[in-house]
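Student: coords please:
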Amino acid sequence: MTNLFSSFDPSASLHLPINWTSVTMCFILIPLTFWLIPTRIASLWSKILLALHKEFQTLIGKGFSGSTFIFISLFTLILYNNFLGLFPYVFTGTSHLVMTLTLALPLWLSFMIFGWINNTIHMLAHLVPQGTPPALMPFMVCIETISNLIRPGTLAVRLAANMIAGHLLLTLLGNTGSMIPNSILIVLLGAQILLLVLEAAVAIIQSYVFAVLTTLYSSEVI
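Tutor: So this is what the prediction gives:
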């Protein structure tokens, strides 16, 4: 690597732009769920998806039936990519705004178009919270409009920044291994293992947060 941030450059590895193929590696694992006799991992994953379906259905409320599968698929895609990025020499696609904005912007834009075309009065009512004094209504409209417009950006930046931060910390600690004595190397190895466990938890939490926030944004336009 030429510098610390080269691990987030798709063309830095072997000078071949094949790092984005890690994004499609999740399709290798999908056929395992269609076995006639599922494995224990497949059964556990089915229970997790069922729990997510029930929770997303509760968040959407009176939404369209079957719309939760969009957000479950979104959760699965982000989770696979977050976990694949923890393996050595595997490119983390979710650490790039190119991918996170590609996921967040079309969903948010479709929600806005649907809401303003079909529920215009409901969308206008969202711009002014209940109980707002008349003098503050113009300011609240501006604030709510700005907060609505930056939603896809906050979704994308939150996911990418969390992935970049943990990977940079792991890289920084790993690069110091050759410059410290063996007595401290054991401590560094323990810290790396703890950070790897933390990054695994962050991978799950961030994919869940992305899917839940997208579900909440969709429930506001119905």
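Student: use CA for all of it now, contacts and neighbours both
Tutor: Will do.
Student: How about residue 200: what's its closest non-neighbour residue?
Tutor: Nearest residue to residue 200, sequence neighbours excluded (CA to CA, 6 or more residues apart in numbering): residue 83, at 6.8 Å.
Student: Please identify which helix or strand holds the one you found.
Tutor: helix 68-84 (DSSP states H and E).
Student: Report the buried residues of the longest helix belonging to the chain.
Tutor: Criterion DSSP state H: the longest helix present in the chain is helix 182-219. Across helix 182-219, burial judged by 16 or more other CA atoms under 10 Å covers 188, 192, 195-196, 199-200, 202-204, 206-208, 210-212, 214-215, 217-219.
Student: and that helix, what other elements does it pack with?
Tutor: helix 40-60, helix 68-84, helix 97-118, helix 151-175 (3 or more CA pairs under 8 Å, 6 or more residues apart in numbering; DSSP states H and E).
Student: what angle do it and helix 151-175 make?
Tutor: Put simply, helix 182-219 runs at 170 degrees to helix 151-175, going by axes from the mean of the first three to the mean of the last three CA atoms, to 10 degrees.
Student: All further residue positions should be reported with the first residue as 13.
Tutor: Renumbered: residue one is now 13, and that last one reads helix 194-231.
Student: and helix 194-231, how far from the chain's centre?
Tutor: 12 Å (CA atoms, centre = their mean, to the nearest Å).
Student: could I have the helix holding residue 95 exported to PDB, CA atoms only?
Tutor: Only the C-alpha atoms of helix 80-96 are listed here, as PDB (Å, rounded to 0.1, in the frame of the first residue of the first chain):
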ATOM      1  CA  THR A  80     -40.500  -5.700   4.600                       C
ATOM      2  CA  PHE A  81     -38.600  -8.000   2.300                       C
ATOM      3  CA  ILE A  82     -37.000  -5.000   0.600                       C
ATOM      4  CA  PHE A  83     -35.500  -4.000   3.900                       C
ATOM      5  CA  ILE A  84     -34.600  -7.500   4.900                       C
ATOM      6  CA  SER A  85     -32.700  -7.900   1.600                       C
ATOM      7  CA  LEU A  86     -31.000  -4.500   2.300                       C
ATOM      8  CA  PHE A  87     -30.000  -5.700   5.800                       C
ATOM      9  CA  THR A  88     -28.600  -8.900   4.400                       C
ATOM     10  CA  LEU A  89     -26.600  -7.200   1.600                       C
ATOM     11  CA  ILE A  90     -25.000  -4.700   4.000                       C
ATOM     12  CA  LEU A  91     -24.300  -7.400   6.600                       C
ATOM     13  CA  TYR A  92     -22.500  -9.700   4.100                       C
ATOM     14  CA  ASN A  93     -20.400  -6.900   2.800                       C
ATOM     15  CA  ASN A  94     -19.500  -5.600   6.300                       C
ATOM     16  CA  PHE A  95     -18.400  -9.100   7.400                       C
ATOM     17  CA  LEU A  96     -16.500  -9.800   4.200                       C
END
